[in-house]
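In: Give me coordinates for this.
(one chain, ligands or ions: 2)
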Amino acid sequence: MQITKAEFLTSSSKASQCPEADRPEYAFIGRSNVGKSSLINMLCNKNSLAKTSSTPGKTQLINHFTINDKWYLVDLPGYGYAKVSKTQRKEFKLLIDNYLRHRSNLMCLFVLVDSRHNPQKIDLEFMHQMGIWGIPFVIVFTKMDKLKPSEKEKNIESFKNALLEEWEELPQIFITSAEKAEGKDEILNFIDQVNEQW
Ligand code: GTP
Ligand code: MG
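Out: Residues are numbered from 1 along each chain as shown. Ligands and ions are numbered 1, 2, ... in the order given. I've put the predicted structure just below:
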């Protein structure tokens, strides 16, 4: 599948304000600055569709994009951003949790992980929570262009090993670079397949 039409639809400050759940939906989540908005732009071939920034905390609302008139991509705020106030962090968490727990058309959540780091507790804890809530998710390693070839395999393996301490089976894993448009076909083909379950 290729994306031929990608349009911003709306931003919601509450899960209850999201557009009608009348088509399949895929949401992108992960730590602040991991590259959620950049990945959405890469998949859609549109650099300024979702707003990106080198300063963490750019995306603060639930942003819906209509794709090929048939499904939704959703850009979510990042989790665990230390520099916002405690109250604001709680509000972000509530917004994201409400969305994840009640969005009936959410087919799959893409959990983005920065490929440059060792397995982070906050990411593993988030995936643990998705397991408890029964929310289907896949993992997307981002910013692969920033790694040396020798580091690529090593970092992914160590994340897999950390996951296997808790999970019996690994989720599907995508390896991406928004910079180099790596992983695009794999992600779009996956969405195409899941759309058939709608
Ligand atoms: P928040 O909305 O703040 O939670 O961040 P985000 O996860 O949406 O990240 P965003 O897409 O805004 O990207 C953060 C920074 O990382 C930007 O400076 C991007 O240019 C950079 N970036 C994102 N993806 C990649 C990538 O694949 N390669 C490289 N080299 N840089 C990337
Ligand atoms: Mg963003």
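In: Low-confidence ranges, the protein, go.
Out: For the chain, applying pLDDT under 70 flags the ranges 82.
In: For it, which residues are neighbours of ligand 2?
Out: Contact residues, the chain versus ligand 2 (CB under 5 Å from the ion): 36-37, 58-59. For glycine as for every other residue, the C-beta is placed from the backbone atoms N, C-alpha and C.
In: Export the residues you listed to CSV and append columns for distance to N161.
Out: Compiled in CSV, the residues of the chain next to ligand 2 are given as follows (distance: CB to CB, whole Å):
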residue, distance to N161
K36, 25
S37, 29
K58, 32
T59, 30
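In: Nearest to L164 among the residues you listed?
Out: Of all these, K36 has the smallest distance to L164: 25.2 Å, by CB to CB.
In: Apart from its neighbours in sequence, what residue is nearest that closest one?
Out: F28 (4.3 Å; CB to CB, 6 or more residues apart in numbering).
In: ok, now G183?
Out: Excluding the flanking residues, the one nearest G183 by CB to CB, 6+ apart is T176, at 3.3 Å.
In: try F159
Out: Nearest non-adjacent residue to F159 (CB to CB, 6+ apart): P119, at 4.9 Å.
In: Now name the helix or strand holding G131.
Out: Following DSSP states H and E, the helix or strand that holds G131 is helix 121-133.
In: Quick one: residues in contact with the following helix or strand past that helix.
Out: Proceeding N to C from helix 121-133, the next assigned helix or strand is strand 137-142, under DSSP H and E. When contacts are defined by CB atoms under 8 Å, 6 or more residues apart in numbering, strand 137-142 is touched by residues 28, 30, 34-35, 38-39, 108-115, 127, 130, 155-156, 159, 171-178, 183, 187, 190.
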